[in-house]
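In: sequence and computational prediction follow.
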Amino acid sequence: MSTEKPVRRVTVPQIAGRKGGEPIVSLTSYHAHTAAIVDRHADFILVGDSLGMVMHGMETTVGVPLELMITHGRAVVRGTRRALIVVDMPFGSYEESPGVAFRNAAQIMKETQCGAVKLEGGARMAETIRFLTERGVPVMAHIGLTPQSSHVMGGFRTQGRDAETWESHIADARAVAEAGAFAVVVEGVVEPLARKITQAVDIPTIGIGASAGCDGQILVLEDMLGLGDRPPKFVKVYGRLGDEIERAVKAYADDVRSRAFPGEDNVYRQS
Ligand code: KIV
């Protein structure tokens with residue numbers, strides 16, 4: 001008989017209950033093997049639509065289809081046992097109406113077995129967030145710099161540099177919290193605004209490029225591992241995997257060219 005305790009996944013209420021408590025640790029992940037590593041350290045893992053840019057070479061997240069989110073969402077759920085898995089709703093899958101949003105969110109949840117979805121937008125998405133949460137779909141909101149609106153915003157621009165805009169960002173945070181979001185990602189806002197937003201709502205704020213003034217942090221895994229060639233300025237790089245992969249691939253190529261492969265000298269010898 002196994003004496004190993006079954007591992008329980010972190011739940012949505014557990015994340016919601018961390019408001020003002022121990023900081024919430026989160027990273028993105030798009031595949032089973034990295035997710036299995038992240039799973040040992042993060043409270044929740046986001047299958048972010050940033051995968052369109054990071055993994056598929058897109059210029060923005062706008063072109064990411066629902067099917068791609070589901071494919072990567074499935075892989076991450078399969079690779080993990082402990083962290084809450086949140087899957088991004090891609091551009092065009094939820095803005096049209098609460099009904100469309102519910103149909104697509106339900107498909108994501110059924111087909112990936114994730115624990116929650118994330119969508120971008122503040123007050124304008126409040127009705128949809130309420131519709132989803134009342135029907136059993138836990139929603140993480142995303143305000144501040146919302147990459148799916150980058151064409152409207154004129155690029156990926158830090159929000160709140162002008163203090164006159166703060167009230168509308170704070171109103172966004174209040175609106176999504178009142179509508180039932182269990183947490184809110186606050187992206188690319190100046191530190192005093194991040195602190196004000198965090199004080200204004202009773203759900204955890206998860207910052208990215210938004211200072212330590214939030215209840216938790218999230219980074220794109222590849223950025224903090226030093227895999228991308230253009231990590232955003234705010235990212236602290238914890239590893240240099242790009243350089244390490246380059247070194248290993250070059251060593252392999254040199255081996256093949258000099259016929260020094262594979263590692264085990266005698267595998268091909270006849271006994
Ligand atoms: O898509 C993503 O990875 C995200 C994070 C940057 C929060 O939304």
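Out: Structure's in. What do you need?
In: going by C-alpha atoms from here, please, whenever you check contacts or count neighbours.
Out: Will do.
In: next up, the contacts around the residue of the stretch 51-200 of the chain found nearest the ligand.
Out: The minimum distance from the stretch 51-200 of the chain to the ligand, using C-alpha to the nearest ligand atom, falls at V185 (6.2 Å). Residues counted as contacts of V185 (C-alpha atoms under 8 Å, 6 or more residues apart in numbering) are 140-143, 205-208.
In: again with Q217
Out: The contact partners of Q217, by C-alpha under 8 Å, 6+ apart, come to 23-26, 206-208.
In: got phi/psi on the closest residue to E22 other than its chain neighbours?
Out: Of all residues not flanking E22 in the chain, D215 sits nearest, at 7.8 Å (C-alpha to C-alpha, 6 or more residues apart in numbering). D215 adopts backbone torsions of phi -80, psi -10, taken as degrees, to the nearest 10.
In: separation between D215 and D88?
Out: Distance from D215 to D88, counting by C-alpha to C-alpha, to the nearest Å: 20 Å.
In: go on, A101?
Out: Between A101 and D88 the computed distance is 12 Å (C-alpha to C-alpha).
In: tell me if I'm right that Q159 and I143 touch.
Out: No. Between Q159 and I143 there is no contact under C-alpha atoms under 8 Å: 9.8 Å.
In: give me the neighbour count for R157.
Out: Number of residues near R157 (other C-alpha atoms under 10 Å) recorded here: 15.
In: on the three-state scheme, it is what?
Out: Following DSSP: H, G, I helix; E, B strand; the rest coil, we place R157 in the coil state.
In: right, and it touches G209 too?
Out: No. Using C-alpha under 8 Å, R157 makes no contact with G209, being 10.9 Å away.
In: thinking again about what came up before, how about the residue of the stretch 51-200 of the chain closest to the ligand, secondary structure?
Out: Look at V185: counting by three-state DSSP, its state is strand.
In: which ones are touching the residue of the stretch 1-150 of the chain found nearest the ligand?
Out: Nearest residue of the stretch 1-150 of the chain to the ligand: G48, at 3.3 Å (C-alpha to the nearest ligand atom). With contacts defined as C-alpha under 8 Å, 6+ apart, G48 is in contact with 28-30, 87-88.
In: can you check the pLDDT for H151?
Out: Among the per-residue scores, H151 shows a pLDDT of 88.
In: please, which helix or strand holds it?
Out: In the assignment (DSSP states H and E), H151 maps to helix 150-153.
In: mind listing what's buried in that helix?
Out: By 16 or more other C-alpha atoms under 10 Å, helix 150-153 has no buried positions at all.
In: what's in contact with it?
Out: The contact list for helix 150-153 (C-alpha under 8 Å, 6+ apart) reads 60, 156.
In: can you rerun that using 7 Å?
Out: For helix 150-153, contacts defined as C-alpha atoms under 7 Å, 6 or more residues apart in numbering pick out F156.
In: next secondary structure after that helix?
Out: Counting by DSSP H and E, the element after helix 150-153 in chain order, helix or strand, is helix 166-179.
In: name the residues of that next one that are buried.
Out: So, applying 16+ other C-alpha under 10 Å, buried residues of helix 166-179: 166, 169-179.
In: the closest residue in space to G20 that isn't next to it in sequence: what's it in contact with?
Out: Spatial nearest neighbour of G20, excluding adjacent residues (C-alpha to C-alpha, 6+ apart): D215 at 6.0 Å. Contact analysis of D215 by C-alpha under 7 Å, 6+ apart lists 19-20, 23-24, 204-206.
In: cutoff 10 Å now
Out: Applying C-alpha atoms under 10 Å, 6 or more residues apart in numbering to D215 gives the contacts 18-25, 183-185, 194-195, 198-199, 203-207.
In: separation between T205 and E187?
Out: Per C-alpha to C-alpha, T205 is found 10 Å from E187.
In: between these two, which contacts overlap?
Out: Counting by C-alpha under 10 Å, 6+ apart, the common neighbours of T205 and E187 are 142-143, 194, 217.
In: can I get the residues you listed in CSV with pLDDT?
Out: Shown next, in CSV, are the shared contacts of T205 and E187 (pLDDT from 0 to 100):
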residue, pLDDT
H142, 98
I143, 98
A194, 98
Q217, 98
